[in-house]
Structures are given as structure tokens and as C-alpha cells.
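# have a look at this prediction, sequence included:
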Amino acid sequence: MLDEDCTEAFRKIFSPSCRPPPLPSPDTAPAPWVLLEPLAYVADQTNATTAEASTSTGLTLRVTVCLTDPLGVSYVCVHCPDLKDTDYASRPSVVCSEKDFLLLSVLFLHAPQGREYFVYKAGPGRPSLRLIPGPYPLVLTASDFGLLPRDDGDHFVLAALCYSLTPWVYDLHVFSSRTWAWSTKLTQTEISSDVRTGVSIIIASKVIQLGGGTLGWVDLWRGIAFCNVLDEIPVLRFITLPMLMPGNKDGVKPAPWPIRNVAYSNGLIKFIEVEKHERPDVDETSCDDMDTLCESDCLTKPKEIGWRAMTWYTTTSWDHWRKGCMTYDEEISVDYPRLSKMLPHVRDDVTRELTLKDLLASYPVLSLTCHCDDIVYMLCKLKSCSPKSWLITVDLKEKVLVDLAPFSLEGYFSSAHPSELSSYLKTALATEGTSGP
């Protein structure tokens, strides 16, 4: 159960009155992809990315994207001139982002449908925003919606996998921008008896594209249910995720985001997990090898806690996972001249060299850059009670700290969404001359 201080902190995070942080004005064009905050802000900000649409009750809703390069977190602002903060039940959320499309969920207190969904399109030309018509499928969370851009670039498909009271019987609700209407398909399943026995329900943390018309509903605790949403009779299949690493099996974990994530690129499904672990004591000696015991030998020595990250990869046609990298914090080298001023408190007590041994890592996000398969972004903080924290970029294969930047922990509860939206907004931003709010 959350204590009072923690409950109040979460209340502030989700409150529509939460205000966006300032972003630095970039000196160059937007990066090919960005880290996008999962919650939007209710704020009146406009720039060249601003687009507007009408809500179901005829009110004007404006959406603006505020961009900054990775190691900063970009965000979306939503504003309705005729509404106050108190007219929103909570902050709007970024459901998903694929190519130049973004699906946004807004929960109004006094709208007939309550929650409404809008699709933002970055281009070509001026950005646009359209309300998705209801009634909407009955889903557990907004994370059950997946977005599939079509090959022509102008159209898209939304798909929601809706569970029934019978295990592994799902309805697939599909919205097509060509017909501007919803349709429903009953899925068939090709699931092993072991999966049917061990997995009763999928609670999607995110939905990812898996090539062609295939979408994957990722339950970060259990696995990935996937099907081709364009088929007349979609066949639902399942990929079980690797078991929790030993250091993550103890204790109650309300959400998987601090330790696990999944991405798809270059034809591969990539999985990453970050684990706290006890470092072995190199000076520890077994009593079996000792003839006398001193007082220090009889006392329990405090364990040193570190972390390691492990990646696995697979495809929709394989029946197994293959290990990618396993990297320990103490193995990661740090570029001393460039990063020394940014990590003043994490030097080795003996060698005085920069190290990541005094940092704990969480919220891993795999890079969207095609040639950087082993690059991961993580949130790091000091093991002590210090409030200092950083977003870091690590090459797990080369075991190198690539970059880092100071980052505030306030409001960070879920991994940022990797998004290519920035690359499609270049034209609009070039016209304005700046991507700042």
C-alpha cells in the first residue's frame, strides 16, 4: 500500500494542473527519433507542430508537440480554450506513436463518452488532428490500442484486442481510416497447451509493430500475443517472455517498466531486463578452509548491490530466444575527459576513476536507431538518498557509457515512448525556424 507522501506524489503526477518543464531550444534540426513522455500536459503552448480538431461536443482541442533530443524527454501539450484544468479527469496520455502518427487519449469529465481518442499526423504539410469516432471498444486500458500506418502513408489502422470471459477468446476491433469506421473480427488461436495453462489473460503494457500487418500486444510480465490485423480471420499466436532474472523475483512490483522493455527493429523482437544483484565478495573465504576464526570472520558482511542488463532477441517464426548481451555495471567504461564534470560523485574509492558502480539503473528503453541494436537508454540514480539522477546511454555490446544528462525524477513513473514523430515534423519546424514551445 502506498504511504501518504507517495499517494500525494502520484496525485500530482496525474493531475491536469501539472505543468510542463522548459525544454532547451535545439541548435539543429530535430533528431530522427525522440523519447516521448507517456503523459501529455494540459497547457496552452503553440508552435509549428500545433494542430486542432473538434471534440464530440464541438469544442476546439489543440495539440502541440514539444521536442528535444534524446537524453531529454519530449512531450505533448493539449489545450481546449473553453475548458479549465478541472474539466479533465486526469492528464491526457500518449497511447502509441508509429511513424508520423500519434494516438492520444483524453478523458473529459463532462463529455458523453468520457474518454475520447484523437489521431495526430505530423505531415506531409501542416500537422493535422482528427477525432476517432465512437463507440470505442471496451478495453482494460488504453494500452490495448495499437496503431498501424499503411504503406501509402496517408492511412492507418487502429486495432484493439478485447478479452472475453473465456481464456484465449478475443475479439479484434479494427478502425480503418479509409472507411472511417470500426469493425469486429473474432480471432482464432494457435496457442500451445502449456501457454493455455500458464497464461490466462494478457494485460498489454504496449503494442508494437511486427512487420506487415502484424501487431503484438506486449504483456511485459508474461509475453507477446500477436496477429495480422488485416486478415479476415486473424490467427492469434503467443511468444512467452524470458523468466524474471533472479534479483527481480523478490518483492512486490506494481509495474514492469522499471525493469523490462520490448522493441522491434530490423526484423527482430528485442527484449531487455535490468536486475539488481549482489556482487560476489572476492575476499570472502569459506569456513571450511580456515583453522581459526577471528571476530570479523564471524560477522555478517554487508552485501554490495550492483546491477546488470541482459538482452534477448527472437522473431515471430522462432520457437526460442537467443541471448544478446549481458553487461554488469562495473564492466562499463566511462569516457573520463568528457563526462567527469557530470558524474562528480561516482568515483571508485580506491582508483578515483569514474564508475557506474554507485548508480542503480532502471526504466530501460531500446534505441530506434537501426545500426545501434545494443544501445539502451536508462534512468540512473545514486544508491544514497541523494536526489541526483541521470538519463544515460549505454552500448551494452561494447560495454561503454555513450552519453548522459542530468534528469529530474519528479513525475517519472513509466518509460518514455521511443517515437519517430520528430523526423516527420522537420518540414513544419523548418518553416517556423524553431522546435521550442
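Looks like it came in fine.
# so what sits opposite the residue lying closest to residue 99 once chain neighbours are set aside in the bridge?
Nearest residue to residue 99, sequence neighbours excluded (C-beta to C-beta, 6 or more residues apart in numbering): residue 149, at 4.7 Å. Where you see a C-beta, it was placed from the backbone N, CA and C, and this is true even at glycine. Taking DSSP bridges as the rule, residue 149 bridges to residue 156.
# got the contact list for the residue lying closest to residue 420 once chain neighbours are set aside?
Computed as C-beta to C-beta, 6+ apart, the closest residue to residue 420 that is not its neighbour in sequence is residue 33, at 4.9 Å. Residue 33 is in contact with 70, 368-369, 418-420, 422-423, counting by C-beta atoms under 8 Å, 6 or more residues apart in numbering.
# same thing with residue 124?
424, 427.
# do the one 4 residues further on as well
Contacts of residue 128 were listed using C-beta under 8 Å, 6+ apart, and they are 51, 120-121.
# if you set the cut-off to 10 Å instead, what comes out?
51-53, 63, 119-122 (C-beta atoms under 10 Å, 6 or more residues apart in numbering).
# quick one: which of these is most hemmed in?
When neighbours are counted by other C-beta atoms under 10 Å, residue 122 leads the contacts of residue 128 with 26 neighbours.
# isn't that one right up against residue 149?
No: at 11.0 Å, residue 122 does not count as touching residue 149 under the criterion of C-beta atoms under 10 Å.
# can you list residues touching both of those two?
With contacts taken as C-beta under 10 Å, 6+ apart, residue 122 and residue 149 have 99-101 as neighbours in common.
# if we can go back for a sec, and the pLDDT for the residue nearest to residue 420?
Residue 33 is assigned a pLDDT of 88 by the prediction.
# next: residue 317.
94.
# repeat for the one 4 residues further on
Here, the pLDDT recorded for residue 321 equals 96.
# any idea how far it lies from residue 331?
For residue 321, the distance to residue 331 (C-beta to C-beta, to the nearest Å) stands at 22 Å.
# compare the two (neighbour count), which wins?
More crowded of residue 321 and residue 331, by other C-beta under 10 Å: residue 321, with 16 against 12.
# OK, contacts around that one?
Taking C-beta under 10 Å, 6+ apart, we find residue 321 in contact with 239-242, 269, 271, 311-314.
# let's see 6 Å
Shown in contact with residue 321 (C-beta atoms under 6 Å, 6 or more residues apart in numbering): 242, 312, 314.
# I'd like to know which of these is nearest to residue 400.
residue 312 (20.8 Å; C-beta to C-beta).
# how about the helices of the stretch 201-350 of the chain, start to end?
All helices of the stretch 201-350 of the chain, identified by DSSP state H, counting those that start in this stretch, fall at 295-298, 336-339.
# partners of whichever helix or strand comes after the last one, with directions?
Remark: after helix 336-339, the chain's next helix or strand is strand 359-366, criterion DSSP states H and E. Strand 359-366 has its sheet partners listed here by DSSP bridges as strand 375-382 (antiparallel).
# residues making contact with the partner strand?
Under C-beta under 6 Å, 6+ apart, the answer for strand 375-382 is 359, 361-367, 388-396.
# same check on stretch 80-95?
So stretch 80-95 is in contact with 14, 16-17, 36, 38-40, 42, 59, 61, 76, 78, 103-107, 109, 142, 145, 417, going by C-beta under 6 Å, 6+ apart.
# among those residues, which ones are buried?
Listed as buried from the contacts of stretch 80-95 are 16, 36, 38-40, 42, 61, 76, 78, 103-107, 142, 145, 417; burial here means 16 or more other C-beta atoms under 10 Å.
# ok, back up a step: dump the shared contacts of residue 122 and residue 149 to JSON lines, plus neighbour count and distance to residue 130.
Putting these into JSON lines (neighbours: other C-beta atoms under 10 Å; distance: C-beta to C-beta, whole Å) gives the following:
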{"residue": "99", "neighbour count": "18", "distance to residue 130": "16"}
{"residue": "100", "neighbour count": "20", "distance to residue 130": "13"}
{"residue": "101", "neighbour count": "22", "distance to residue 130": "11"}
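# now render those as TSV, adding secondary structure and distance to residue 187.
Converted to TSV, these look like this (DSSP: H, G, I helix; E, B strand; the rest coil; distance: C-beta to C-beta, whole Å):
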residue	secondary structure	distance to residue 187
99	coil	25
100	coil	28
101	strand	24
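# looking at these, spot the one nearest residue 293.
residue 99 (65.8 Å).
# just checking, that closest one touches residue 150?
No: counting by C-beta atoms under 6 Å, residue 150 is not a contact partner of residue 99; they are 10.1 Å apart.
# how much space between residue 358 and residue 50?
43 Å.
# export the contacts of residue 128 to TSV and append columns for pLDDT.
As requested, the contacts of residue 128 are arranged in TSV below (pLDDT from 0 to 100):
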residue	pLDDT
51	96
52	96
53	97
63	97
119	97
120	97
121	96
122	92
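# residue 182: which of the residues you listed is nearest?
residue 119 (13.7 Å).
# where does that closest one land in three-state SS?
strand (DSSP: H, G, I helix; E, B strand; the rest coil).
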